[in-house]
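# The sequence and its predicted three-dimensional model are supplied below.
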Amino acid sequence: MHLLAIGGSDAGISAALRARELDPTVEVTVVVADAYPNFSICGIPYYLSGDVHPWQALAHRTIADLEATGMRLRLDTLATGIDVAGRRLTVRDAAGSESRIAYDELIVGTGAAASRAGIAGLDRLGPADGVHVLHSMGDAFALERDLDRRRPRTAVIVGAGYVGLEMAEALTARGIQVTQLQRGQEVLSTLDAELGALVHDELARHGVEVVTRTRVDAIERDGAALTVTGDRDGQPFSRTADLVLAVVGVRPNTALLEQAGAVLGAGGAVVVDEAMRTGLPHVHAAGDGVVTHHRLLGVTYLPLGTTAHKQGRVAGENAIGGDARFAGSLGTQVVKVFDLVAARTGLREHEAIAAGHSPATVAATVDDHKAYYPGAKPIELRITGDDDGALLGAQLVGAYGTETAKRVDTFATAIHAGMSIEQLSELDLSYTPPLGSPWDAVQVAAQAWSRCRPDRSGHPG
Ligand SMILES: Cc1cc2nc3c(=O)[nH]c(=O)nc-3n(C[C@H](O)[C@H](O)[C@H](O)COP(=O)(O)OP(=O)(O)OC[C@H]3O[C@@H](n4cnc5c(N)ncnc54)[C@H](O)[C@@H]3O)c2cc1C
């Protein structure tokens, strides 16, 4: 049995590792477009900030570690075509020569590419001009070289999602004056605007200029100066800087599977079932290139590293005859922005309404641990629950060190298990004064929700 995986990031490597773990007799080959298999691209901002070095430290596993599991790596090799009927993959190596690799089962983990969001100039201008996107180790090296070579003093970051925010911190750490442009009303639009405003304040506190409600239409270069232009509240907007970083999301990398006849679905990603089957015989797929099965929303597109790892593991197991299922995402995510941590899981109120619920969202501010023990800090929590008391979602913002990330995981666990908000309040959670309270912050917030929830007539109870 020859299992062939395309893609050397979270999905492709997870699949290959799982297959080798379950059956060491399976021959596994991984085809990777670049030379950086199993690198933590999530860590790129911390390499660029200088917190992590050298860059090799970002490898989850070294090439030697991977090969020690028995998998074969074909690096700097681009997959260019899938012959589904003949079960052969066409590849092109770094020297440009083409060859075919026969397989019994194929797993496609080609992930996503940085979106250009229709911004004029972003396709024409590149790292040599001081204009960057950020999705791969290659992008990180290009940005690092530019920072070293030109020593820019000012930067515009287009986008204030989690990668944009992490990069605002990274570039600020390198002494660069950052202007962050965000199309929406508030930064980190995955959270309610009231919580996004706290992140906005944190950026401002560290010297980042944040400009919201600003749509960027174009980037132009005039000598060394780069100018982004667009619209702010219906008025022309422009800003000039030494460097521009556009981090406006990703688009799924679907070309190979599309050409092979796969169907596209949510977010333009390849449709797969929970077993990671594409519908093409002997072809599984996982990661940022495929749709996401969401436990509360059904099929959507929610690309995250955590999800890519799980989907890859399922694909690896099933490709060698297993019967695993991806249990579904809740979109659980967390980001550190300077000294603040912002997290969410499940649904926000407008998402819950769109999904047919009758939700209420209640905010609470709760100390991370007993106030009498030094260093207690407030966590802002918002819980969204259904009119029958089911827990649907939670959002949290707290200082770094307040265990905000692990507290969102408590909510995620409860939602995954289908618990009510009442049941969340009954959980046996740990307590010692320096780290918590007899009722943990998540339980205090749950009780606040229960006190304030509207009764079934829609009036506050
Ligand atoms: C800066 C940054 C920070 C992030 N932080 C987080 C975080 O904190 N938490 C989180 O959950 N997620 C985070 N993410 C998202 C996470 O990294 C992605 O969801 C995850 O990497 C997706 O993995 P993947 O394997 O599906 O695809 P990708 O990482 O996109 O990798 C695709 C792989 O396929 C290869 N490939 C593509 N086309 C071909 C081809 N034709 N032939 C051969 N090989 C090919 C590529 O070389 C690469 O190895 C972050 C992303 C970025 C960019």
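Sure, I can see it.
# Tell me, how many residues neighbour the residue lying closest to residue 87 once chain neighbours are set aside?
Nearest non-adjacent residue to residue 87, counting by Cβ to Cβ, 6 or more residues apart in numbering: residue 103, 5.5 Å away. Every residue, glycine included, has its C-beta placed from N, CA and C. Per other Cβ atoms under 10 Å, the neighbour tally for residue 103 reads 24.
# correct me, but residue 103 touches residue 90?
No. Shown here, residue 103 and residue 90 do not form a contact pair, counting by Cβ atoms under 8 Å, at 11.7 Å.
# what residues are up against the residue nearest to residue 13 when sequence neighbours are not counted?
Nearest non-adjacent residue to residue 13, counting by Cβ to Cβ, 6+ apart: residue 38, 4.6 Å away. By Cβ atoms under 8 Å, 6 or more residues apart in numbering, the residues touching residue 38 are 8-9, 13, 59-61, 66.
# cutoff 10 Å now
Applying Cβ atoms under 10 Å, 6 or more residues apart in numbering, one finds that residue 38 lies in contact with 8-10, 12-14, 16-17, 30, 32, 58-63, 65-66, 73.
# Return the subset of those lying in helices.
Cross-referencing those against helices under DSSP state H gives 10, 12-14, 16-17, 63, 65-66.
# Can you flag the buried ones in these?
10, 12-14, 16-17, 66 (16 or more other Cβ atoms under 10 Å).
# Of the residues you listed, which pair is most distant in space?
The span of those, defined through Cβ to Cβ, is set by 10 and 66 at 13.4 Å.
# which element follows whichever strand or helix holds residue 364 toward the C-terminus?
Applying DSSP states H and E as the criterion places residue 364 in strand 360-367. Downstream of strand 360-367, the next assigned helix or strand under DSSP H and E is strand 378-385.
# The very next helix or strand once past that next one pairs with which strands?
Later in the chain than strand 378-385, the nearest helix or strand by DSSP H and E is strand 391-399. Here strand 391-399 is paired, per DSSP bridges, with strand 340-346 (antiparallel), strand 378-385 (antiparallel).
# Report the distance from the first one to the chain centre.
What separates the centre of strand 340-346 from the centre of its chain is 12 Å, taken as Cα atoms, centre = their mean, to the nearest Å.
# how far away is whichever residue of the stretch 201-350 of the chain sits closest to the ligand from residue 250?
Ranked by Cβ to the nearest ligand atom, the top residue of the stretch 201-350 of the chain for proximity to the ligand is residue 287, at 2.2 Å. Residue 287 sits 11 Å away from residue 250, taking Cβ to Cβ, to the nearest Å as the criterion.
# Can you tell me, leaving aside adjacent residues, what's nearest to residue 340?
Residue 340 sits nearest to residue 202 (Cβ to Cβ, 6+ apart), 4.4 Å away.
# got it, and residue 287?
Leaving aside its chain neighbours, residue 287 sits nearest to residue 11 (2.8 Å; criterion: Cβ to Cβ, 6+ apart).
# so who does that neighbour touch?
In this structure, residue 11 makes contact with 5, 107-111, 276, 285-290, 305, 307-316, judged by Cβ under 10 Å, 6+ apart.
# Likewise for residue 357?
Residues in contact with residue 357 (Cβ under 10 Å, 6+ apart) are 296, 347, 349, 351, 384-388, 390, 392-393.
# Test my guess that the residue of the stretch 201-350 of the chain closest to the ligand contacts residue 41.
No. Residue 287 is not in contact with residue 41 according to Cβ atoms under 10 Å; the separation is 11.8 Å.
# Can you pull the residues that touch both of these two?
Common neighbours of residue 287 and residue 41, counting by Cβ under 10 Å, 6+ apart, are 9-10, 111, 305.
# Can you pick out the most distant pair from those residues?
Greatest spacing in the shared contacts of residue 287 and residue 41, by Cβ to Cβ: 111 and 305 (10.0 Å).
# hey, what's in contact with both of these two?
Common neighbours of residue 111 and residue 305, counting by Cβ under 10 Å, 6+ apart, are 9-11, 41, 287-288.
# in the protein, which residue is closest to the centre?
In the chain, the C-alpha nearest the mean C-alpha coordinate belongs to residue 304, at 3.6 Å (Cα atoms, centre = their mean).
# Give me the pLDDT value at that residue.
Looking at residue 304, its pLDDT reads 98.
# Now do the same contact list for the nearest residue to it once chain neighbours are set aside.
Once flanking residues are discounted, residue 304 sits nearest to residue 333: 6.3 Å by Cβ to Cβ, 6+ apart. Residues in contact with residue 333 (Cβ under 10 Å, 6+ apart) are 162, 190-191, 302, 304-307, 342-345, 405, 408, 412.
# Of the residues you listed, which are in range of the ligand?
Among these, the residues that sit close to the ligand (Cβ under 6 Å from any ligand atom) are 304-306.
# Restricted to helices, list those.
305-306.
# any chance of the ones next to the ligand among the contacts of residue 333 in a markdown table, plus distance to residue 139?
Formatted as a markdown table, these follow (distance: Cβ to Cβ, whole Å):
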| residue | distance to residue 139 |
| --- | --- |
| 304 | 18 |
| 305 | 16 |
| 306 | 21 |
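# Out of the ones next to the ligand among the contacts of residue 333, which is nearest to residue 443?
Residue 443 lies nearest to residue 306 out of these, by Cβ to Cβ, at 24.8 Å.
# how many other residues sit next to the closest one?
A count of nearby residues for residue 306, using other Cβ under 10 Å, gives 13.
# and what of the one 5 residues further on?
When counting by other Cβ under 10 Å, one arrives at 30 neighbours for residue 311.
# Pretty sure it sits against residue 9.
No. If you go by Cβ under 10 Å, residue 311 and residue 9 don't touch, sitting 11.9 Å apart.
# tell me, what's touching those two both at once?
109, 287-288.
# Turn these into JSON lines, including pLDDT, secondary structure and neighbour count.
Conversion of the shared contacts of residue 311 and residue 9 to JSON lines gives the following (pLDDT from 0 to 100; DSSP: H, G, I helix; E, B strand; the rest coil; neighbours: other Cβ atoms under 10 Å):
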{"residue": "109", "pLDDT": "98", "secondary structure": "coil", "neighbour count": "33"}
{"residue": "287", "pLDDT": "98", "secondary structure": "coil", "neighbour count": "34"}
{"residue": "288", "pLDDT": "98", "secondary structure": "coil", "neighbour count": "29"}
